[in-house]
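Just need the structure, nothing else, for what follows:
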Amino acid sequence: MVTIPAHIAAILEQVFDPEVPVLSILDLGIVRSVEDRDGQLKIIITPTYSGCPAMQTIATMIRLELSTHGFQHIIIEEQLSPAWTTDWMTESGKRKLQEYGIAPPQYSTKNNPTNYLEVVVPCPQCSSSHTELISQFGSTSCKALYRCLDCKEPFDYFKCH
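The predicted structure follows:
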């Protein structure tokens, strides 16, 4: 768990993932550290996967949001190690995904089945467990595409990693 000063956490809670706009960057767990040194703010962020195209946009949104709250000296660094994991997502973030229509990660990385065919992913629309994997890649690389065999709706699953 990353400790972020409350006044800065309140600001960062207003920065949303451009690919999943119901999740803040804190919900995602991509903020790894925040240091405030004599008015200079240093923020370390970790992408959900290496090469994530949203990271530049997220860094810009962080700068804009912080600058509107009076911060002028902002350093944002991207850190690849340790690699981001869905274990860093908040429980609140997982609930928001579900309500948005994306099935949240079903396992932690410690007990995630290695075979995607073994993963039971409940439908975020009707909660049925009668679903099937359509593609290991959905609307983004961090999601898989599933279909509910009961309500017939396709949906993204935010893969554990």
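
Can you read off the pLDDT for the most far-flung residue of the chain relative to its centre?
For the chain, the residue at maximal distance from the C-alpha centroid (C-alpha atoms, centre = their mean) is Asp38, at 30.2 Å. The confidence metric pLDDT takes the value 82 at Asp38.

Report the secondary structure state of the residue lying closest to Thr86 once chain neighbours are set aside.
In space, Thr86 comes closest to Pro105 once its chain neighbours are excluded; the distance is 4.1 Å by C-beta to C-beta, 6 or more residues apart in numbering. Placement of C-beta: from N, CA and C, glycine included. State at Pro105, reduced to three classes by DSSP: H, G, I helix; E, B strand; the rest coil: coil.

count of neighbours near Pro105?
21 (other C-beta atoms under 10 Å).

Tell me if I'm right that it and Thr85 touch.
No - with contacts defined as C-beta atoms under 8 Å, Pro105 does not count as touching Thr85, sitting 9.3 Å away.

Where does the prediction get shaky in the protein?
Within the chain, the set of residues satisfying pLDDT under 70 comprises 1, 108-117.

No more questions from me, cheers.
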